[in-house]
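In: Show me how the following folds:
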Amino acid sequence: MSTRKLETAHAGSQIGKMHLAGKQEDSRTAKLHNLKNLHLKTVVRECHGAMIVQLEYHHADGTENRNLFATIGRDCVTIYDDQYFGSYVGVVAQYVNSPTDTTSGGQLTTLCWLNSSNTKEEFGDALLAVAGKDNCISVLSMVSSSIVALMKGHTKEVVDVAACAARPDLLVSASKDGTTRVWDWELEKCLQVIESEATAACFQSSGRYLFTGNTFGHLLQWEMTIVPMQEMHGAGPKLSDNTPTLSSKNLGTRKLKA
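Out: Coordinates of the predicted model:
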C-alpha cells in the first residue's frame, strides 16, 4: 500500500516537473521573442573609474537644457547630452577637480544645476555647482568651459548643495563642519551661516523656507527673510537693491513633527 502511494507520488512529481519545464520553456520563448524586438538605443561607458556618487538631470531652466545630465565619481564631473547625438549619449564636458593656487582639489561629493537665466552669455548657458572634500564650491559654465564662481568658507567637506527655484542667485550648502551656508553665488558671497549639523539641505520652491536634515535624524525648517542691503546698513554704504542678504534676527527654526 505504501509502495503504491510512493509510486503514485513519484509519478505526480514527474508530471509536475514536466509541467514546470513546459512553462519555463514558454517563458524562455516569450523572452527570446521580446529580445528580438528590443532595439538598443544607448550605451554609456562611464570614465570615472570609481563609484558614481550622484547623477542629476538639468531641470533648473524649464525645458531649455533638459537634454543635459551630470555625474560625479572620485574627482571628476562628466556632463552628457542625451538628445542631440542621435542614438548615442554624447559627452559635452568633463571637469577634473585638480589642485590649483586657490584650491586643494580632490574628491567631489555633490552637485546641483543652477538657474542660468541671469547669464551674460548671448545664447544662454548651463551652470553646474560642484563641491567636495576641498571645502570649496565651484560653479562651472558649459559655454565657457570654465569656473565662473568659487565660494570658500566651509572648513570641512561639503556634503550637499542645492539651488533655489525662486531665486536663481541663491545656493545652499551643508558641510561636515556643522554649518549650513546660504550663498549669493553670483557675488561669491556668504549671506548666512547656520549652525545645523546638517547632512542635507534644500529650499522650498518659493524660497521662503529652507529645510535641513541633520546627523541626529531631525528635520528642521528655517524661515528665510531676504532684506535689502541698504536696510541692513542704514546710512552706510549702499549696494544695489538686488544684492540681498539674510537677516539673522528674522531667521527662525523649529523642529518638524513626524
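
In: any idea which helix or strand of the chain has the worst average confidence?
Out: Least confident helix or strand, the chain: helix 229-233 with a mean of 40, by mean pLDDT, DSSP states H and E.

In: shaky segments in the stretch 101-250 of the chain?
Out: Applying pLDDT under 70 to the stretch 101-250 of the chain picks out residues 225-250.

In: Can you show me the strands along it?
Out: Using DSSP state E, counting those that start in this stretch, the strands assigned to the stretch 101-250 of the chain run over residues 108-114, 127-132, 137-141, 146-151, 158-163, 170-175, 179-184, 189-195, 198-203, 209-214, 219-223, 226-228, 244-246.

In: how about those strands in CSV, adding mean neighbour count?
Out: All C-beta spots, glycine's among them, are computed from the backbone N, C-alpha and C. Compiled in CSV, the strands of the stretch 101-250 of the chain are given as follows (neighbours: other CB atoms under 10 Å):
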stretch, mean neighbour count
strand 108-114, 23
strand 127-132, 25
strand 137-141, 23
strand 146-151, 17
strand 158-163, 22
strand 170-175, 26
strand 179-184, 23
strand 189-195, 17
strand 198-203, 21
strand 209-214, 19
strand 219-223, 17
strand 226-228, 15
strand 244-246, 21
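
In: In a markdown table, list those along with distance to residue 54.
Out: Shown next, in a markdown table, are those (distance: least, CB to CB, whole Å):
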| stretch | distance to residue 54 |
| --- | --- |
| strand 108-114 | 6 |
| strand 127-132 | 9 |
| strand 137-141 | 14 |
| strand 146-151 | 19 |
| strand 158-163 | 10 |
| strand 170-175 | 14 |
| strand 179-184 | 18 |
| strand 189-195 | 23 |
| strand 198-203 | 12 |
| strand 209-214 | 16 |
| strand 219-223 | 21 |
| strand 226-228 | 28 |
| strand 244-246 | 27 |
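
In: quick one, which of these is nearest to residue 80?
Out: Closest to residue 80 of the strands of the stretch 101-250 of the chain is strand 127-132 (CB to CB; 11.9 Å).

In: packing partners for the closest one?
Out: When contacts are defined as 3 or more CB pairs under 8 Å, 6 or more residues apart in numbering; DSSP states H and E, strand 127-132 packs onto strand 76-81, strand 108-114, strand 137-141, strand 158-163.

In: Can I get it in PDB, CA atoms only?
Out: Output of strand 127-132 as PDB, limited to C-alpha atoms (Å, rounded to 0.1, in the frame of the first residue of the first chain):
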ATOM      1  CA  LEU A 127      25.700  76.200 -14.900                       C
ATOM      2  CA  LEU A 128      26.600  73.400 -12.500                       C
ATOM      3  CA  ALA A 129      27.700  73.800  -8.900                       C
ATOM      4  CA  VAL A 130      30.100  71.100  -7.600                       C
ATOM      5  CA  ALA A 131      31.700  70.600  -4.200                       C
ATOM      6  CA  GLY A 132      33.600  68.100  -2.200                       C
END
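
In: Between strand 76-81 and that strand, find me the angle.
Out: Put simply, strand 127-132 runs at 160 degrees to strand 76-81, going by axes from the mean of the first three to the mean of the last three CA atoms, to 10 degrees.

In: Show me what strand 127-132 pairs with in its sheet, parallel or antiparallel.
Out: Sheet pairing of strand 127-132 (DSSP bridges) gives strand 108-114 (antiparallel), strand 137-141 (antiparallel).

In: what sits up against stretch 50-65?
Out: 46, 66-74, 108-117, 124, 126-127, 163, 165 (CB atoms under 8 Å, 6 or more residues apart in numbering).

In: Just the CA atoms of that stretch, as PDB, please.
Out: Extracted in PDB, the C-alpha atoms of stretch 50-65 (Å, rounded to 0.1, in the frame of the first residue of the first chain):
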ATOM      1  CA  ALA A  50      35.200  54.800  -9.300                       C
ATOM      2  CA  MET A  51      31.800  54.700  -7.600                       C
ATOM      3  CA  ILE A  52      29.400  57.300  -9.000                       C
ATOM      4  CA  VAL A  53      28.100  59.200  -6.000                       C
ATOM      5  CA  GLN A  54      25.500  61.400  -7.800                       C
ATOM      6  CA  LEU A  55      23.700  61.700 -11.100                       C
ATOM      7  CA  GLU A  56      21.400  64.700 -11.800                       C
ATOM      8  CA  TYR A  57      19.400  65.800 -14.800                       C
ATOM      9  CA  HIS A  58      19.100  69.500 -15.600                       C
ATOM     10  CA  HIS A  59      15.700  70.900 -14.500                       C
ATOM     11  CA  ALA A  60      16.700  74.400 -13.400                       C
ATOM     12  CA  ASP A  61      15.900  76.300 -16.600                       C
ATOM     13  CA  GLY A  62      12.500  74.900 -17.600                       C
ATOM     14  CA  THR A  63      12.900  72.800 -20.800                       C
ATOM     15  CA  GLU A  64      15.800  74.600 -22.300                       C
ATOM     16  CA  ASN A  65      18.700  72.400 -21.100                       C
END
